[in-house]
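S.K.: Task: produce atomic coordinates for the following.
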Amino acid sequence: MAFFPIAILIVFLLMYLLRTRRTRMCRWRRRGKTDWRCAACGAVAITGDDKQPRVCLRKDI
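M.R.: Numbers count the residues shown, from 1 in each chain. Alright, predicted model coming up:
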């Protein structure tokens, strides 16, 4: 029974680490309603909504 809370904690920790690892290098700046440019690496992304991209588009990762 004590295994379940520990397993849940580990799952949430891994989810957090994997999410921040994919996006921590990019600093997205809006160039239009759906156009985004990364201030750190220069990557350009176009989204279909007002939300910034969630994945780093750097080529060297």
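
S.K.: Could you check how many residues crowd around Ala43?
M.R.: Ala43 has 18 neighbours, counted by other Cβ atoms under 10 Å. Just so you know, the C-beta spots here come from the backbone N, C-alpha and C atoms, and that holds for glycine as well.

S.K.: what's it in contact with, if anything?
M.R.: Contacts for Ala43 (Cβ atoms under 8 Å, 6 or more residues apart in numbering) come out as 26, 37, 56-58.

S.K.: with those in mind, which one is nearest to Pro5?
M.R.: Checking the contacts of Ala43 against Pro5 by Cβ to Cβ gives Cys56 as the nearest, at 32.2 Å.

S.K.: Just say helix, strand or coil for that closest one.
M.R.: coil (DSSP: H, G, I helix; E, B strand; the rest coil).

S.K.: Setting aside sequence neighbours, what's the nearest residue to it?
M.R.: Cys26 (4.5 Å; Cβ to Cβ, 6 or more residues apart in numbering).

S.K.: what's near enough to touch the one you found?
M.R.: 38, 40-41, 43, 53, 56-58.

S.K.: Go through those and say which is closest to Phe3.
M.R.: Using Cβ to Cβ, Cys56 is the member of those that sits closest to Phe3, with 34.3 Å.

S.K.: can you count the residues close to that closest one?
M.R.: Count around Cys56 with other Cβ under 10 Å applied: 18.

S.K.: What distance do you get for it to Cys41?
M.R.: Distance, Cys56 to Cys41, by Cβ to Cβ, to the nearest Å: 8 Å.

S.K.: Can you show me the helices along this protein?
M.R.: Using DSSP state H, the helices of the chain run over 3-23.

S.K.: What remains of the contacts of Cys26 if I keep only buried residues?
M.R.: Among those, the ones that count as buried by 16 or more other Cβ atoms under 10 Å are 38, 43, 53, 56-57.
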